[in-house]
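Colleague: no letters, just coordinates:
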């Protein structure tokens with residue numbers, strides 16, 4: 001069956017086979033948090049993006065792949081994205097990562113503090129770190145450019161279909177997030193880039209780009 005990105009808490013994962021990588025997506029908790037597993041086809045190394053909740057389900061997702069977990073990235077510090085972080089890290093021994101400016105607020109200090117322009121290697125896959133300031137000070141996105149396809153971008157709560165992520169205020173935080181999303185996402189990646197947010201369904205940059213000015217004018 002074709003990948004759709006439509007998942008529900010407690011339901012099965014959706015799987016996207018890409019040749020060099022496999023992306024699995026599932027949803028957990030009453031907040032409908034998305035959890036992603038990226039598997040390198042050549043090496044079997046795996047990356048989990050946001051151990052949001054339900055450690056047993058997160059570990060079951062890991063087992064759906066190769067059964068190992070090498071890397072665990074937290075996209076941002078908010079409580080609903082970190083509830084399974086400690087348990088999954090302990091159970092797997094995965095190396096943990098988070099944005100440098102969010103690291104001290106996490107329940108588990110990351111092994112690696114990420115900054116804009118860093119790269120993260122998962123076997124043969126290289127993911128670029130994109131720092132997007134505003135939803136939280138240290139929110140990060142991860143971009144993997146498929147050599148045989150499009151770029152795949154994991155945006156946490158910084159970019160959704162229909163707008164940027166919620167910010168603490170409609171002023172400076174929104175301005176910061178909007179500016180970073182425009183410059184560091186829409187200004188860098190092509191319209192066929194597929195992005196995977198922290199909640200809900202996926203989209204492409206091309207589908208969202210015509211609405212950037214609309215988002216700017218409404219201020220959220």
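Modeller: On my side now, so go ahead. If you're wondering where the values come from, they're calculated on a predicted model, not measured in any experiment.
Colleague: any idea how far apart the tips of stretch 16-23 sit?
Modeller: End-to-end distance for stretch 16-23, by CA to CA, to the nearest Å: 5 Å.
Colleague: count the residues that sit near residue 157.
Modeller: 25 (other CB atoms under 10 Å). Using the backbone N, CA and C atoms, a C-beta is placed for each residue, glycine as well.
Colleague: and it, what is it in contact with?
Modeller: 75-76, 78, 81, 135, 139, 165-166, 197-199 (CB atoms under 8 Å, 6 or more residues apart in numbering).
Colleague: could you rerun that using 7 Å?
Modeller: 76, 78, 135, 165, 198 (CB atoms under 7 Å, 6 or more residues apart in numbering).
Colleague: ok, now residue 53?
Modeller: Contacts of residue 53 by CB under 7 Å, 6+ apart are 28-29, 33, 83-84.
Colleague: ok, back up a step: from the contacts of residue 157, which land in helices?
Modeller: Using DSSP state H, the subset of those located in helices is empty.
Colleague: now, which of these sits nearest residue 118?
Modeller: Using CB to CB, residue 76 comes nearest to residue 118 of the contacts of residue 157, at 15.7 Å.
Colleague: that older thread, buried subset of the contacts of residue 53?
Modeller: Neighbour counting with 16 or more other CB atoms under 10 Å marks 28-29, 33, 83-84 as buried within the contacts of residue 53.
Colleague: that older thread, rebuild the contacts of residue 53 as JSON lines, extending it with secondary structure and pLDDT.
Modeller: Putting the contacts of residue 53 into JSON lines (DSSP: H, G, I helix; E, B strand; the rest coil; pLDDT from 0 to 100) gives the following:
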{"residue": "28", "secondary structure": "strand", "pLDDT": "98"}
{"residue": "29", "secondary structure": "coil", "pLDDT": "96"}
{"residue": "33", "secondary structure": "strand", "pLDDT": "98"}
{"residue": "83", "secondary structure": "coil", "pLDDT": "98"}
{"residue": "84", "secondary structure": "coil", "pLDDT": "98"}
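Colleague: of these, closest to residue 117?
Modeller: residue 33 (27.0 Å).
Colleague: residue 58 versus that closest one, what's the distance?
Modeller: Distance of residue 33 to residue 58, computed by CB to CB, to the nearest Å: 11 Å.
Colleague: repeat that for residue 73.
Modeller: From residue 73 over to residue 58 (counting by CB to CB), the distance is 13 Å.
Colleague: next one: residue 206
Modeller: From residue 206 to residue 58 the distance is 31 Å (CB to CB).
Colleague: give me the more crowded residue out of the two.
Modeller: A direct count of neighbours by other CB under 10 Å for residue 206 and residue 58 places residue 58 higher, at 27 against 13.
Colleague: in a strand, the more buried one, correct?
Modeller: No: counting by DSSP: H, G, I helix; E, B strand; the rest coil, residue 58 is not part of a strand but helix.
Colleague: looks like it contacts residue 84 (just checking).
Modeller: Yes: the pair residue 58 / residue 84 is scored as a contact, 5.1 Å apart, by CB atoms under 7 Å.
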